[in-house]
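here is a sequence with its predicted model. Questions after.
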Amino acid sequence: MSFKSYKNVAWLPVDSVLDIVLQKDIPLPVVESKFPVTAVFAFAFSKDKKHIYLMKNRNKERGLDIPGGHVEKHESSMDALNREVLEEIGCILSKTRYVGAQIIRKKRIEDNDKYPFLESAQLFFMAEVDTIVTDKLEEDSLERIKIPVIDFFKSLNNRSDIYYIELFNQAFLSLTEAQRDCTIE
């Protein structure tokens, strides 16, 4: 069911596999019922869909990144997404839509593994920035950056970003389609 699989991903244990799945192949309720969700991310577009909002990471090696992060034990995926976006780019989202997921499959669990699951999911959403509410961002984020969508790929720093290019393409392609009634509020 995966769109693309990657082996030997630098930030995963040896022999792990990262599968990219698109929403058309595995819908959100199926992913959430089959896998523990460990992280969520947003492709946060401007209302005119010509720009995307990124965070400038305090860690210079990470550079620019899409907002997102870990799901806390008490949170739903949507609660975590809204919290992370507010913390990292100071925005409230609207018209949020699931795009796809990264399914992580490990051969073993390391002793100090933050996520002790053999299989887990990281969810990706596209959304519209509805309101900018603060410039006071959490400690990992230096500032909110708004760039033209066409420049998004130039902003990638060859870290883990390459693994969500397909998910971004799915989100970007859907911008040209008629607006669907499958938004998540």
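Done, it's in.

and S120, what does it touch?
35-38, 103-104 (Cβ atoms under 8 Å, 6 or more residues apart in numbering). Placement of C-beta: from N, CA and C, glycine included.

helix/strand/coil for it?
Of the three states, S120 takes strand under DSSP: H, G, I helix; E, B strand; the rest coil.

picking up where we left off before, by neighbour count, which of the contacts of S120 wins?
Using other Cβ atoms under 10 Å as the neighbour criterion, I104 leads those with 24 neighbours.

what is the three-state secondary structure of it?
I104 ends up strand, using three-state DSSP.

that one bridge partners, please.
L18, S120 (DSSP bridges).

so for this structure, the centremost residue is which one?
Residue closest to the mean C-alpha point of the chain, counted by Cα atoms, centre = their mean, is F41 at 2.3 Å.

that residue should be in a strand, yeah?
Yes - assessed by three-state DSSP, F41 belongs to a strand.

next, count neighbours for the nearest residue to it once chain neighbours are set aside.
Leaving aside its sequence neighbours, F41 sits nearest to G68 (Cβ to Cβ, 6 or more residues apart in numbering; 3.1 Å). Residues near G68, counting by other Cβ under 10 Å, number 23.

if we can go back for a sec, contacts only, for the residue nearest to the centre of the chain.
66-69, 81, 84, 122-125, 164.

ok so, going back, identify the residues contacting the residue nearest to F41.
39-42, 81, 84-85, 88.

from the residues you listed, keep the buried residues only.
By neighbour count, with 16 or more other Cβ atoms under 10 Å, these hold 39-42, 81, 84-85, 88 as buried.

in a markdown table: those, plus distance to P29.
Shown next, in a markdown table, are those (distance: Cβ to Cβ, whole Å):
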| residue | distance to P29 |
| --- | --- |
| A39 | 18 |
| V40 | 15 |
| F41 | 19 |
| A42 | 19 |
| L81 | 16 |
| E84 | 21 |
| V85 | 22 |
| E88 | 26 |
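
still on that earlier bit, ok, so of the contacts of S120, who is nearest M55?
T38 (19.1 Å; Cβ to Cβ).

tally of neighbours for the spatially closest residue to D140 that is not a sequence neighbour?
The spatial neighbour of D140 that comes closest, neighbours along the chain excluded (Cβ to Cβ, 6+ apart), is R58 at 5.4 Å. Close neighbours of R58, defined as other Cβ under 10 Å, add up to 13.

was I right about R58 contacting S141?
Yes - using Cβ atoms under 8 Å, R58 makes contact with S141 at a distance of 6.8 Å.
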